[in-house]
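Student: Build me a model:
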Amino acid sequence: MSSFGKIALFIDGSNLYATSKALGFDIDFRRLLSEFQTRGTLLRAFYYTTIVEDQEFSSIRPLIDWLDYNGYTVVTKLTKEFVDATTGRRKVRGSMDVDLAVSAMELAEHVDQIVLFSGDGDFRSLVEALRRRGVRVTVVSTLSTQPPMVADDLRRQADVFIDLADLKPKVGRVPVDRPGSREVRQPPQFLARGSINRSDRVE
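Tutor: Numbering: from 1, shown residues only. This is a model prediction of the structure:
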C-alpha cells in the first residue's frame, strides 16, 4: 500500500500533546505508527520534545524511553526556565522548531510525503520549502477546538490537512478498566521535547 510512496512523520511533541488534550483524548503511539504504515512506506517517525533543565525527568522519561524502543527517533533538548523581568512570569527558553525544520529539509530528497503533527504557524515557511522540493506535506492538527489549534496560514500552505479529531478512532488510546496497562501512560506535564539526537542520518 504505497499510495503516497515513502513517508516520514515529524511530531512536535508538546504541540500534539496540547492538541490531543484539547480534544479530550490521549494518543496511542503504537496505533499512530501502525496507521501511517498503512498509508505508504514509513521510513522514519521523529518525535521532538524539550526537557526543562533542573527538573525531574521522570514525568516525560517513560514516554521518551517507550517511543525510543518502539520505532520512533526521539530528538530531545534541554531548555532553561527563567522569570520574565517585565511580567514576573516563569517562562521556558528554547524550542525544537529549528531542529525539526533542519531534519525535515535534510530528509526531503529521500521521501515523497512528510506528515507534520503540529499546528504551529512558525512551520509555514518549512512547509512551503518542502513543497518547492516536490514533497507532499500533510499537516495534522485540529479546527475542532475554540480557538482552533492550527494556524490558518499553516493549514492553507499544506497539501493536505487532517483534523486530529477525525483520527481519534484510529490513533486514540483505548480506555482501560484499571490503571497499570501495558502501555506507558502519557505524563501529566509535557513541557517536553528533549535530550540528544542519536540517529538523525538517513539510512
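Student: For the chain, which element, helix or strand, carries the lowest mean pLDDT?
Tutor: Using mean pLDDT, DSSP states H and E, the weakest-scoring helix or strand in the chain turns out to be strand 90-93, at a mean of 64.
Student: remind me which residues of this protein are low pLDDT?
Tutor: Along the chain, segments meeting pLDDT under 70 span 1-4, 53-58, 81-82, 90-94, 176-203.
Student: can you rerun that using 90?
Tutor: Low-confidence segments of the chain (pLDDT under 90): 1-4, 50-62, 77-96, 174-203.
Student: Tell me how many other residues crowd Gly71.
Tutor: Residues within reach of Gly71, counting by other CB atoms under 10 Å, total 14. Just so you know, the C-beta spots here come from the backbone N, C-alpha and C atoms, and that holds for glycine as well.
Student: no wait, Val174
Tutor: For Val174, using other CB under 10 Å, the count is 9.
Student: Checking it next. Helix, strand or coil?
Tutor: coil (DSSP: H, G, I helix; E, B strand; the rest coil).
Student: tell me the contacts of the nearest residue to it once chain neighbours are set aside?
Tutor: Counting by CB to CB, 6 or more residues apart in numbering, Val174 lies nearest to Asp28, which is 6.9 Å off, once chain neighbours are set aside. Neighbour list for Asp28: Val171, Gly172, Arg173, Val174, Glu183 [criterion: CB atoms under 8 Å, 6 or more residues apart in numbering].
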